[in-house]
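**Q** Kindly generate the corresponding structure for this input.
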Amino acid sequence: MTIFSILHTAGSGLRTHRVWMDAIADNLANINTVRPYDEPAFQERFVVAQAIRTDDNDPPGVGGGARPAAVLYGNPEGRLRYEPNHPYANEEGIVRYPDMNLGDQMTSLIIAQRAYQLNLAVVDRARDAYIQAIQINGR
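**A** Model (predicted):
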């Protein structure tokens, strides 16, 4: 573990939450994407984060940050809606919409943004502490 490990840990959090926000942005951009009945609906993206262990002897909750481990996808069935005048409607007038909720997406976006801001605040505070340490040492 180095003196600058806090920057690595917070940086990994920044990267992980940025990937999460990118996935949410993709979801929001496609929340009203209509597909023909014979095609799968747009699938919601879920980012799975994983803790990075610095040492196998670290106690739970102590580690080296986080990383995006996987992306999971939502239901390809989507929500079926009767819209007989839609150009993608099948013979019965059914089209597919993504199975996503705008409120859930916005809530996830707020959580991801706040977590990103918190990690950025950690970087700022660590930088300030390192600058103060250099100034104290230089006197």
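**Q** Now stretch 17-31: buried residues?
**A** Neighbour-count burial for stretch 17-31, counted by 16 or more other CB atoms under 10 Å, picks out 17, 19, 20, 21, 23, 24, 27, 30. The C-beta positions use only the backbone N, C-alpha and C, and glycine is treated the same way.
**Q** which ones among these are found in helices?
**A** Mapping the buried residues of stretch 17-31 onto helices (DSSP state H) picks out 17, 19, 20, 21, 23, 24, 27.
**Q** The last one and residue 93, how far apart?
**A** The spacing between residue 27 and residue 93, counted by CB to CB, to the nearest Å, is 26 Å.
**Q** hang on, the earlier thing: a markdown table please, covering the buried residues of stretch 17-31 and showing pLDDT and distance to residue 130.
**A** Shown next, in a markdown table, are those (pLDDT from 0 to 100; distance: CB to CB, whole Å):
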| residue | pLDDT | distance to residue 130 |
| --- | --- | --- |
| 17 | 95 | 23 |
| 19 | 96 | 27 |
| 20 | 96 | 28 |
| 21 | 97 | 27 |
| 23 | 97 | 33 |
| 24 | 97 | 33 |
| 27 | 97 | 38 |
| 30 | 96 | 42 |
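**Q** In the chain, where's the longest helix?
**A** helix 102-138.
**Q** pLDDT averaged over that one, what's the number?
**A** Mean pLDDT, computed over helix 102-138, is 91.
**Q** In three-state terms, label the nearest residue to residue 48 once chain neighbours are set aside for me.
**A** Taking CB to CB, 6 or more residues apart in numbering, and ignoring the residues beside it in sequence, residue 48 has residue 70 as its nearest neighbour in space, at 4.4 Å. When classified by DSSP: H, G, I helix; E, B strand; the rest coil, residue 70 comes out as strand.
**Q** how far away is residue 70 from residue 8?
**A** 22 Å.
**Q** quick one, which of these two is more surrounded?
**A** residue 8 (15 against 9; other CB atoms under 10 Å).
**Q** which among the buried residues of stretch 17-31 gets closest to residue 126?
**A** Checking the buried residues of stretch 17-31 against residue 126 by CB to CB gives residue 17 as the nearest, at 17.1 Å.
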